[in-house]
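Enquirer: Quick check, what structure comes out for this input:
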Amino acid sequence: MQNELYSGILRHEPDSSPPGQEPENSVQEKPKQQLQQIQQPQQPQQIQQSQHAQTQQSQQIQQPQPSHFSQPHQQPSPSSTPPVTQQQILKEEVEHYQKLFDRMRNEIGRIVVGQQHILDSLLEAVLSNGHCLVEGIPGIAKTLLLRTLSVVTGCEFNRIQFTPDLLPTDIIGVTAYEEKKGFYTVKGPIFSNFVLGDEINRAPPKVQSALLEGMQEKQVTIGKTSFPLPHPFFVMATQNPIEQMGTYPLPEAQIDRFIYKILMKYPTMEEEAKIMTQNISLHKFEDYNIIPVMGAEDILRLQTDVKKIYLDPKIEKYIVRIVDATRNPQRYNLELGKYIEFGSSPRASISLFIAAKAHALLNGKIYVTPNDIKSVALNIFRHRMILNYEGQAEEIKSEDIIKEILSKVPVV
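Expert: Numbering: from 1, shown residues only. As a prediction, this is how the structure comes out:
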């Protein structure tokens, strides 16, 4: 049948078309080619490829698409994340900080002998974003300790020597004028991360208030312009308890701005034997090659993470009871309470709250215990209780009253 069809199509016919028209055989070539395409059998490989393609298309059509609503348990919402995960993250960060603290202690110990308790107290004040008042005799490495701490933390350090003739502009800065330059501002030494106010009680009250304003407001005013202080900003002021001539004691309202008051004592005999060969009188400070362990950004991150340390509501009530005992000692049957003229201000509660968290983080914990409260209580209440004349005559110390409060105020 196909041969007859082929023969009919391919049979040569005489050309009877008039001149100028296309021959019929040229027209017959098109159905010939179309017939060949229709009648030509497909090769087995082409048939298999087409069947495979059809199979894939059918599978794609039949395969169900993943739906967000079909398996909601695979993508939990952020609100359903348990708090244990956040605690685990904080715990890992605290463990990382412990390595930094150990490296800091090792670097500072290369030049400062002993005074580990004082160093930890300074770190707690820095982490709490507060300031320290250090009282001690001259020559026990107060300046050296803060200078080394500033180098280890990668921060700037300035020292201000307070004298009776010091002016507030010597601390915060001044507005100057030049004919070609015009008015311009010269910033004072307070514009630094770590500031040492050496013998702050030797300066008159107006100079003391200039420094304390910067401590509280974190900014100073020069002329008519206010300038923010760098972050972090930490002040360690020192007092000499020996000399009283020519000094101006800090008012109680200003001394309350310091989160800590630390008493720096003599070194031990073993430490002093080491001091004789390891001091900056025999060697320069630069000879020790103190290496920065962290930077200013790390200090700011630590101050943020301190606020994340957990403090139970029962511990909060314990803090309130301790502060209340300084104001109402008769409620807690304090024998030394009769020597208290004025109790602590609310700054004591705030300072105890944040300092206990800093103490916990410094010791590798993510929660506060009553022992953390008791460990920082002396440094916080030492300068926040005013004794009456009877207590001063009996030479009663505020530390003795604080110890009795901690022993009699119930934790729960």
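Enquirer: Can you tell me the centre-most residue of the protein?
Expert: R301 (1.7 Å; C-alpha atoms, centre = their mean).
Enquirer: what's the distance between that residue and N363?
Expert: Computed as C-beta to C-beta, to the nearest Å, the R301 to N363 distance reads 18 Å. C-beta coordinates here come from the backbone N, C-alpha and C atoms, glycine included.
Enquirer: Quick check on the closest residue to T247 other than its chain neighbours: phi, psi?
Expert: Nearest residue to T247, sequence neighbours excluded (C-beta to C-beta, 6 or more residues apart in numbering): N201, at 4.5 Å. For N201, the backbone dihedrals are phi -80, psi 0 (criterion: degrees, to the nearest 10).
Enquirer: Same question for the one 3 residues further on.
Expert: Dihedral pair for P204: phi -70, psi 160, per degrees, to the nearest 10.
Enquirer: That one: neighbouring residues, count only.
Expert: 15 (other C-beta atoms under 10 Å).
Enquirer: do K206 as well
Expert: K206 has 11 nearby residues by other C-beta under 10 Å.
Enquirer: quick one: the residue nearest to T247 and N240 touch, right?
Expert: Yes: in this structure N201 lies within contact range of N240 using C-beta atoms under 8 Å: 7.3 Å.
Enquirer: Wait, V151 touches P292, no?
Expert: Yes: taking C-beta under 8 Å as the definition, V151 is a contact partner of P292 at 6.5 Å.
Enquirer: so how many other residues sit close to Y177?
Expert: So Y177, with other C-beta under 10 Å, has 8 neighbours.
Enquirer: what about the closest residue to it other than its chain neighbours, which SS state?
Expert: Leaving aside its sequence neighbours, Y177 sits nearest to F183 (C-beta to C-beta, 6+ apart; 5.2 Å). Secondary structure, DSSP: H, G, I helix; E, B strand; the rest coil: F183 is strand.
Enquirer: can you tell me which residues contact F183?
Expert: Taking C-beta atoms under 8 Å, 6 or more residues apart in numbering as the criterion, F183 is in contact with 175-177.
Enquirer: Could you dump those residues into TSV and include secondary structure and distance to R382?
Expert: Listed next are those as TSV, based on DSSP: H, G, I helix; E, B strand; the rest coil; distance: C-beta to C-beta, whole Å:
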residue	secondary structure	distance to R382
T175	strand	39
A176	strand	42
Y177	strand	46
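Enquirer: Relative to P230, which of those is nearest.
Expert: T175 (19.9 Å; C-beta to C-beta).
Enquirer: Against E217, how distant is the closest one?
Expert: 19 Å.
Enquirer: and if you look at F162?
Expert: Taking C-beta to C-beta, one finds F162 at 20 Å from E217.
Enquirer: Looking at these two, which is more packed in?
Expert: F162 (22 against 12).
Enquirer: Just list the residues touching that one, thanks.
Expert: So F162 contacts 197-203, 207-208 (C-beta under 8 Å, 6+ apart).
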